[in-house]
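# Sequence and predicted structure below; questions after.
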Amino acid sequence: APAPSPWYERIRFGGDFRARYEGFHLKDADTRNRERLRLRLRVDTDINDDVRFQLQVASGDSGTPVSTNQTFTSFFQPKPFNLDRAYIAYNAEAAPAVTLGIGKFNAPQTVTQLTFDEDLNFEGGWEQVSWEPREGLGINLVALQTAVNEVSRAGDAYMLGGYGEVSIALGQHSLQFSAANYAWGNEDQIAVASAGGPLESILTNGVRRGPAGNVIGYTSEFNVVDLIAEATIRTGRAAYPLRLLADFAHNTKAATDRSNGLWIEAEYGNPRPTGTWGAGYTYAWVEQDATPSAFVFSDMPGTNLHLHRIETSYVLKTGLSLDTTLHLTKPLILEQPNDPNHWLSRLHLAAVVRF
């Protein structure tokens, strides 16, 4: 047999660049305008027949784990570039159903931005078992062990996850059902870091305060059960499938009844070739303590939120698309009930290059 090629000859490069305008419109408030960019560069390689390595660097502020956007500001100063992913995945030829991974990695399970922003990358390890008992039926089981915050003389903050998925092929169409449980430990550290520490993320969960008024932890603990159902319907046009998804999350350890989240997506089209287009709609109802607000969709922002999102994308040339997104958001409950509760309108206009 011929000798295998060296790993560096099996390197695959990829990434994307996005330039975007954002407008913020709220009744009785000044309009805010800003421009942002996102750049992600990725390297994949098969080290050998069993081990795959991925490295990704990305733009963005290192203070937030849920966004790789960089605002055009700070008087033309250079923009930061960060290590976004670095992990190895072991999938032995002798046991192809089993994958073991460790490092800083993207989600190996199906998630929506109700619980984790799509830019968030976990840190720790995962174990995955995937197999097909019969044709058209797939089963996927995942266990996650993540390190959220390591401290030298106290208990670490962490998140442990268990996930199960069943996928069913119905001719050209498909169904997928999944259930996950995300158990957070010592999560008060996240609240403290969000309130005034190094974590620059939205804090909209209920919090406890000390005698001086400083945040000392969450009102609730977090054990989030996440149920997702997804259907993909082939319409007879290869570039225009119809995808429907519903996600329900419940925090079983919430201290109040504000413990549920609902996320619904409808999407038509998968625009990639020149001249194709796609459109999507998202509805979300996320109560205050449904999930830790630091890690949810960065454009909502936070929990205690009502969301409508409309998206369109048109591929001007293969690898180049023009995208439009409109977000409409407002809080579910105001701290001062007599304050006006208007919809915040956020318009995004973007040019995206994928390579």
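Nice, thanks for sending it over. Residues are numbered from 1 along each chain as shown.
# what sits against Gly14?
By C-beta atoms under 8 Å, 6 or more residues apart in numbering, the residues touching Gly14 are Leu41, Arg42, Asp44, Phe355. (Glycine included, C-beta is placed from N, CA and C.)
# Helix, strand, or coil at it?
State at Gly14, reduced to three classes by DSSP: H, G, I helix; E, B strand; the rest coil: strand.
# re the thing from before, just the buried ones from the contacts of Gly14?
Among those, the ones that count as buried by 16 or more other C-beta atoms under 10 Å are Leu41, Arg42.
# Go through the contacts of Gly14 and say which is closest to Leu120.
Set against Leu120, the nearest of the contacts of Gly14 by C-beta to C-beta is Arg42 (15.9 Å).
# What ranges does the stretch 201-350 of the chain have for its strands?
Counting by DSSP state E, counting those that start in this stretch, residue ranges of the strands within the stretch 201-350 of the chain are 207-209, 215-218, 223-233, 242-251, 260-268, 277-286, 305-317, 320-331, 344-354.
# Out of those strands, which is closest to Thr99?
Going by C-beta to C-beta, the one of those nearest Thr99 is strand 223-233, 20.5 Å.
# tell me which residues in that closest one are buried?
Quick answer for strand 223-233 (16+ other C-beta under 10 Å): Asn223, Val224, Asp226, Ile228, Glu230, Ala231, Thr232.
# ok, now stretch 234-248?
For stretch 234-248, using 16+ other C-beta under 10 Å, the buried residues are Pro241, Arg243, Leu245, Ala246, Asp247, Phe248.
# Go through those and name the one nearest Gly103.
The nearest one, if we look at the buried residues of stretch 234-248 relative to Gly103 and count by C-beta to C-beta, is Asp247, at 26.6 Å.
# Leaving out the residues flanking it, which one is nearest to the closest one?
Spatial nearest neighbour of Asp247, chain neighbours left out: Trp263 (4.0 Å); criterion: C-beta to C-beta, 6 or more residues apart in numbering.
# Leu305 too?
Leu305 sits nearest to Val286 (C-beta to C-beta, 6+ apart), 5.0 Å away.
# what do you get for Val166?
Phe177 (5.2 Å).
# if we can go back for a sec, may I have the residues that are in contact with the residue nearest to Leu305?
So Val286 contacts Leu114, Gly261, Leu262, Trp263, Val296, Met300, Thr303, Asn304, Leu305, Leu307, Leu332 (C-beta under 8 Å, 6+ apart).
# Next, work out how far apart it and Leu114 are.
Distance of Val286 to Leu114, computed by C-beta to C-beta, to the nearest Å: 6 Å.
# Name the residues contacting each of these two.
Gly261, Leu262, Trp263, Val296.
# What about the last one, how many residues nearby?
In other words, Val296. 30 (other C-beta atoms under 10 Å).
# and if you look at the first one?
Counted with other C-beta under 10 Å, the burial measure for Gly261 works out to 26 neighbours.
# per-residue pLDDT, the residue lying closest to it once chain neighbours are set aside?
Counting by C-beta to C-beta, 6+ apart, Gly261 lies nearest to Ala290, which is 3.7 Å off, once chain neighbours are set aside. Here, the pLDDT recorded for Ala290 equals 98.
# what's the answer for the one 4 residues further on, then?
Residue-level confidence at Ala294 comes out at 97, pLDDT.
# Check Arg272 too.
93.
# quick one: which of the contacts of Val286 has the most company?
Val296 leads the contacts of Val286 on contacts (other C-beta under 10 Å) with 30 neighbours.
# who's in contact with that one?
Val66, Gln113, Leu114, Thr115, Phe116, Asp117, Ile202, Val286, Gly302, Thr303.
# Find the nearest non-adjacent residue to the first one, please.
What sits nearest to Val66 in space, not counting adjacent residues and going by C-beta to C-beta, 6+ apart, is Asp117, at 3.7 Å.
# hmm, back to that, hang on, the residue nearest to Gly261 packs against Asp257?
No: contact criterion C-beta atoms under 8 Å: Ala290 and Asp257 do not qualify, at 11.1 Å.
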